[in-house]
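*Asks:* sequence? don't have it. structure:
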C-alpha cells in the first residue's frame, strides 16, 4: 500500500477499535486526506507523515511504531525500515487490541 492507503487504514483502525475522539486520526479536509502536520522542519527526513510512527535515530535508526491503548498506556510495536510498514503495523495493533 501507499502512504494514503496507510493513513486511511489507520483512521479505520481507530474507528473499529472504538477510539474515535480518544485518539488522533489523520484528518480529511474537503474529502481529501490531510497528512499529519509537521512538528518542526517539514523537509526533515526523520519526521513521519503518520500518527504512531517516529524516527528512532538513537536506538536503531529505523521507524518506531507505537500507540497508546484505551488506558493511555504506550504500547511499543517494533522497528521498521519503511515508515509505511510501521504505520500499517500500528493500524493492525490497534485493530487487534
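*Replies:* Thanks, I have the structure now. Remember, it's a predicted structure, so these values are computed and weren't measured experimentally.
*Asks:* what ranges of this protein fall below the confidence cut-off?
*Replies:* For the chain, applying pLDDT under 70 flags the ranges 1-3, 26-29, 32-46.
*Asks:* quick one: the residue of it positioned farthest from its centre and residue 54, what's the gap?
*Replies:* The outermost residue of the chain relative to its centre, with distances by CA atoms, centre = their mean, is residue 30 at 21.4 Å. As defined by CB to CB, to the nearest Å, residue 30 lies at a distance of 28 Å from residue 54. Bear in mind the C-beta positions are built from the backbone N, C-alpha and C, glycine included.
*Asks:* all helices for the protein, in order.
*Replies:* Per DSSP state H, the chain carries helices over the ranges 3-16, 83-96.
*Asks:* Output the contacting helices and strands for the last one.
*Replies:* Spelled out, that is helix 83-96. When contacts are defined as 3 or more CB pairs under 8 Å, 6 or more residues apart in numbering; DSSP states H and E, helix 83-96 packs onto helix 3-16, strand 53-56, strand 62-68, strand 74-80.
*Asks:* Distance to residue 25 and mean neighbour count for those - can I get that in a markdown table?
*Replies:* Putting the helices and strands packed on helix 83-96 into a markdown table (distance: least, CB to CB, whole Å; neighbours: other CB atoms under 10 Å) gives the following:
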| stretch | distance to residue 25 | mean neighbour count |
| --- | --- | --- |
| helix 3-16 | 5 | 18 |
| strand 53-56 | 14 | 19 |
| strand 62-68 | 12 | 21 |
| strand 74-80 | 17 | 14 |
